[in-house]
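Novice: With the sequence up front, the predicted model follows.
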Amino acid sequence: FGPRQPRVENGFNYGAIIEVAALFIGIFVCMQPALQILNANGAYLVERFDMGPGKFFWATGALSSFLDNAPTYLVFFQTARDPALIGGPTGGVPHQILVGISLGAVMMGAMTYIGNGPNFMVKAIAEKSGVRMPSFFGYMVYSVLILLPILALMDWIFILRP
């Protein structure tokens, strides 16, 4: 709605937005089987693997790294719901487990370009401007070397400790 001239001078176009939109449409379509499996077998998985806050943190985060974090959060939120707690302040999810799900979905979305929409959009805009960016797997090398130890420390400080 603003003046057109600054957009022309900056070489603005919708290329990055269209790229991200296409990627996320593909992700949302492809993630449906994984989400349906978790919805159908969530209660079994929670019971079978004694899912506490730390395990929810890593499971939610692992899926959030390669899918989008919002639907991943919702699926694990539904998986962790305890009927005895529905109607309470956390929507039926025990507080510490909700912390693990929330932090895993948000923080581990940064592990890849596709884990969070802005990651991929910044990459596309930077490359359009001539800034050299790491490849998908190159970015993951940085994530594993730098971000993963920080996330492990965060798990130890905020999630596993009462």
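Specialist: Cool, the structure landed. Numbers count the residues shown, from 1 in each chain.

Novice: Quick one: name whatever helix or strand follows the helix or strand containing Ile125.
Specialist: Ile125 is part of helix 117-128 when elements are defined by DSSP states H and E. Using DSSP H and E, the helix or strand that follows helix 117-128 towards the C-terminus is helix 136-142.

Novice: mind exporting the helix holding Ile125 as PDB, just the C-alpha atoms?
Specialist: Provided in PDB are the C-alpha atoms of helix 117-128 (Å, rounded to 0.1, in the frame of the first residue of the first chain):
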ATOM      1  CA  GLY A 117       9.300 -20.700   7.700                       C
ATOM      2  CA  PRO A 118      11.500 -17.600   8.300                       C
ATOM      3  CA  ASN A 119      14.700 -19.700   8.200                       C
ATOM      4  CA  PHE A 120      14.000 -20.600   4.500                       C
ATOM      5  CA  MET A 121      12.700 -17.100   3.600                       C
ATOM      6  CA  VAL A 122      15.900 -15.500   5.000                       C
ATOM      7  CA  LYS A 123      18.000 -17.900   3.000                       C
ATOM      8  CA  ALA A 124      16.000 -17.200  -0.200                       C
ATOM      9  CA  ILE A 125      16.300 -13.400   0.300                       C
ATOM     10  CA  ALA A 126      20.000 -13.500   1.100                       C
ATOM     11  CA  GLU A 127      20.800 -15.600  -1.900                       C
ATOM     12  CA  LYS A 128      18.800 -13.300  -4.100                       C
END
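
Novice: Quick check: the closest residue to Thr112 other than its chain neighbours vs Gly130, distance?
Specialist: If the residues on either side of it in the chain are set aside, Thr112 comes closest to Ser65, at 5.2 Å by CB to CB, 6 or more residues apart in numbering. Bear in mind the C-beta positions are built from the backbone N, C-alpha and C, glycine included. Here the criterion is CB to CB, to the nearest Å. By it, Ser65 lies 28 Å from Gly130.

Novice: now Ala110
Specialist: Applying CB to CB to Ala110 and Gly130 gives a distance of 24 Å.

Novice: Then Trp58?
Specialist: Taken as CB to CB, the span from Trp58 to Gly130 is 37 Å.

Novice: for Phe66, same thing?
Specialist: Phe66 is 28 Å from Gly130, by CB to CB.

Novice: now do Met154
Specialist: Distance from Met154 to Gly130, by CB to CB: 35 Å.

Novice: And the two? Which one has more around it.
Specialist: For Met154 versus Gly130, neighbours defined as other CB atoms under 10 Å are more numerous around Met154 (16 against 6).
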